[in-house]
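**Student:** Give me a model of this one.
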Amino acid sequence: MLAHELNDARTKLLSSFKSMNLLLEASSSLNRTLDIRDIASTMSKILSEILNGSRASIVLLDEENREVLVLNADNVMFANPGLRIPLPALPSIYRRLYKRKRPVVINVENPNLNVEARNFLLMLGSKSMLICPISIGGKIIGHLVIDRKDLEHGFNESEIKLVEGIAKQAAVAIDNAMLYARKKEIAETLQQALLTIPSNLPGVEINHIYEAAIGAFKVGGDFYDLFRPEQNKIGFVIGDVSGKGIEAAAVTSVVKSTIRAFAYKSCDVAKVMSDVNQALYKQVKQHQFITAIFGILDTESGRLEIVNAGHPDPIIYDTSNCSHLVSNRNLPLGITNDVQFEVTQSQLVPGDTIILYTDGLTEARSESELFGEDRVIEIIKQLQWASAQDIIKGLVDSAKSFSGGNLLDDVAIISLRLENKLCLEDKSDTDKASTRKLQGTSDKSQNLSRIRSIAGM
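**Tutor:** Numbering: from 1, shown residues only. Sure, this is the predicted structure:
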């Protein structure tokens, strides 16, 4: 008798150890991802391995909208993963039980089972079904619905407890995934709001692109803006706020609105940046700073003026020439309030395009190697006959390919192509502009040397 009892105890102990190991494995597997559909797929595989001969569906319950979202469907009670099904359209067997806070087992041979439920199980080809709630803080957020085709492998007490344990692990994983999804949605919405610019402005063709760093769900500090401070003048800005998240987003919003406010009062780019810098110095935290380029393009004369506050130099190109507009480098915004900003001037002609970008482009990495400014120029040259939108997309795609798809920082790019017929006083002005551009590219090695020197390469 004693030997029999010891054997039973040993069997129960081994079963407990097995259950604990299975729960640990389930927890480990479920917490490897923040994708809710991957979690559902993992749960389905785990349940299939643990409960031989079973089929499982995982659904999320939305009582406010009185519907369920099917995440995974291995049995025919819930078809079409991704489908939202109104509660009234679901089988009565689920509608009667979905509010129960404990697992419920239904067997076709239960004499107390109503005819409708028995016929439904038989229609599924099932002899037994387990409906286990997935709960967070006492609130049911979904269910594991598992069925078996024979009663011989029905659901015993240890299996029900094991499914309950997996449901608890799943609840934590789903809660984390839903929180991540909400944060990501908020970040994307806020980022989109910060990057909204006019689709067109008189005299220029506008193109822009933004690529978030891999796996990023925080709001990035990269930003750009375009506006019309005066007739025939286009104001533009691109910049990068140090840090990420809501704090960086708040500073970004302040920078954009402050630049606009001062630019609407004066088109003196140096004065605008000086006023902006003094305002930001009083508002941003000590550790924060902003690199930025602010410029104004006169669409009638083609005159371009920019102030560069610690940002990568812009690029000017047409179908025959491409070079950096090597600018006077000033300190980033917000570091000190005593800055005399120097202006860089250039002359554009119809067909010229200026490209501005953030350092996430040039600092894309392949191991220890940077994408770099030289590659940016080379890619633009290769794509010079393509549309401006295709060129800036090509830059992002090339940086992503170079880094193996792992951009470590956000990338923002804007381009402005001068379209309108210039009203120049003298044709020679156009000739001078062309000469300026040819001189800018005639001595390539000298220009690249200057770029490397500025970049500290």
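**Student:** elements contacting the helix or strand where Leu190 lies?
**Tutor:** Applying DSSP states H and E as the criterion places Leu190 in helix 157-194. On a contact count with 3 or more CB pairs under 8 Å, 6 or more residues apart in numbering; DSSP states H and E, helix 157-194 meets helix 2-30, helix 36-50, strand 128-136, strand 139-148, helix 246-265. Using the backbone N, CA and C atoms, a C-beta is placed for each residue, glycine as well.
**Student:** how about the residue nearest to Leu144 when sequence neighbours are not counted, what does it touch?
**Tutor:** Among residues not flanking Leu144 along the chain, Cys132 sits closest, at 4.5 Å (CB to CB, 6 or more residues apart in numbering). Counting by CB atoms under 8 Å, 6 or more residues apart in numbering, Cys132 makes contact with Pro103, His143, Leu144, Ile146, Ile160, Val163, Glu164, Ala167.
**Student:** For Leu51, see how far away Cys132 is.
**Tutor:** According to CB to CB, to the nearest Å, Cys132 and Leu51 sit 11 Å apart.
**Student:** same deal with Leu356?
**Tutor:** 59 Å.
**Student:** For the two, indicate the residue with more neighbours.
**Tutor:** Leu356 (26 against 19; other CB atoms under 10 Å).
**Student:** Test my guess that that one contacts Gly239.
**Tutor:** No - using CB atoms under 8 Å, Leu356 is not in contact with Gly239; the gap is 9.5 Å.
**Student:** which stretches of this structure have low pLDDT?
**Tutor:** Within the chain, the segments meeting pLDDT under 70 span 1-33, 53, 73-81, 151-154, 214-219, 420-457.
**Student:** Swap in 50 and give it another go.
**Tutor:** For the chain, the stretches with pLDDT under 50 are 6, 9-17, 19, 422-457.
**Student:** Could you give the separation of stretch 288-307 from the chain centroid?
**Tutor:** Computed by CA atoms, centre = their mean, to the nearest Å, the chain-centroid distance of stretch 288-307 equals 29 Å.
**Student:** can you give me the end-to-end distance of it?
**Tutor:** Stretch 288-307 has an end-to-end distance of 20 Å (CA to CA, to the nearest Å).
**Student:** Buried ones in it, by neighbour count?
**Tutor:** For stretch 288-307, the neighbour count (16 or more other CB atoms under 10 Å) marks 288-299, 301-307 as buried.
**Student:** for the helix or strand containing Leu280, packing partners?
**Tutor:** Assessed by DSSP H and E, Leu280 sits inside helix 269-283. On a contact count with 3+ CB pairs under 8 Å, 6+ apart, helix 269-283 meets helix 246-265, strand 290-298, strand 303-309.
**Student:** what's the angle from it to strand 290-298?
**Tutor:** Orientation of helix 269-283 against strand 290-298 (axes from the mean of the first three to the mean of the last three CA atoms, to 10 degrees) gives an angle of 150 degrees.
**Student:** Counting neighbours, which bits of helix 269-283 end up buried?
**Tutor:** Within helix 269-283, the residues that count as buried by 16+ other CB under 10 Å are 269-281.
**Student:** would you turn those into CSV with distance to Leu124?
**Tutor:** What follows is the buried residues of helix 269-283, written out as CSV (distance: CB to CB, whole Å):
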residue, distance to Leu124
Val269, 72
Ala270, 76
Lys271, 76
Val272, 70
Met273, 70
Ser274, 74
Asp275, 72
Val276, 67
Asn277, 70
Gln278, 72
Ala279, 68
Leu280, 65
Tyr281, 69
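**Student:** Phi and psi next, for the nearest residue to Asp359 once chain neighbours are set aside.
**Tutor:** Using CB to CB, 6+ apart and skipping residues adjacent in sequence, the residue nearest Asp359 is Pro312, 5.6 Å away. The phi/psi pair for Pro312 (degrees, to the nearest 10) reads phi -60, psi 140.
**Student:** now Pro312: how far from Leu395?
**Tutor:** 12 Å.
**Student:** same deal with Ala250?
**Tutor:** Counting by CB to CB, the gap from Ala250 to Leu395 is 29 Å.
**Student:** Over to Ile50?
**Tutor:** 50 Å.
**Student:** Repeat that for Lys99.
**Tutor:** From Lys99 over to Leu395 the distance is 55 Å, taken as CB to CB.
**Student:** Quick check on the two: which one has the bigger neighbour count.
**Tutor:** Leu395 (26 against 10).
**Student:** The more buried one - nearest residue in space that isn't next to it in sequence?
**Tutor:** Ile379 (5.8 Å).
**Student:** so what sits against both of Leu356 and Gly239?
**Tutor:** Tyr224, Ile293.
**Student:** Would you map out the domains in the protein?
**Tutor:** Domain assignment for the chain by automatic domain parsing gives 2-185, 195-455.
**Student:** Let me know which of those is tucked in deepest.
**Tutor:** Ranked by mean neighbour count, those are led by domain 195-455 with a mean of 18 (mean count of other CB atoms under 10 Å).
**Student:** Show me the contact partners of the helix holding Leu280.
**Tutor:** 251, 254-255, 258-259, 262-263, 266, 290, 294-296, 305-307, 309, 330, 333-337, 339-343.
**Student:** Swap in 7 Å and give it another go.
**Tutor:** 254-255, 258-259, 262-263, 266, 290, 294-296, 305-307, 309, 333-334, 336-337, 339, 341, 343 (CB atoms under 7 Å, 6 or more residues apart in numbering).
**Student:** if I look at Ala89, how far off is Val104?
**Tutor:** 21 Å.
**Student:** Ile39 now?
**Tutor:** Taking CB to CB, one finds Ile39 at 23 Å from Val104.
**Student:** hang on, Ala170 packs against Ile134?
**Tutor:** Yes - in this structure Ala170 lies within contact range of Ile134 using CB atoms under 7 Å: 5.6 Å.
**Student:** tell me the secondary structure for the closest residue to Leu408 other than its chain neighbours?
**Tutor:** In space, and not counting its chain neighbours, Leu408 is closest to Ala213: 5.8 Å by CB to CB, 6+ apart. What DSSP: H, G, I helix; E, B strand; the rest coil gives for Ala213 is coil.
**Student:** got a list of what Ala213 touches?
**Tutor:** With CB under 7 Å, 6+ apart, Ala213 has these contacts: Leu407, Leu408, Asp409, Asp410.
**Student:** right, and the last one touches Gly360 too?
**Tutor:** Yes - the pair Asp410 / Gly360 is scored as a contact, 5.0 Å apart, by CB under 7 Å.
**Student:** between the two, what contacts are shared?
**Tutor:** Joint contacts of Asp410 and Gly360 (CB under 7 Å, 6+ apart) are Asp222.
**Student:** tell me which element Leu121 is part of?
**Tutor:** Counting by DSSP H and E, Leu121 is part of helix 115-124.
**Student:** roughly how far out does that helix sit from the chain middle?
**Tutor:** For helix 115-124, the distance to the chain centre is 46 Å (CA atoms, centre = their mean).
**Student:** Give me the helices and strands touching that helix, please.
**Tutor:** helix 92-95 (3 or more CB pairs under 7 Å, 6 or more residues apart in numbering; DSSP states H and E).
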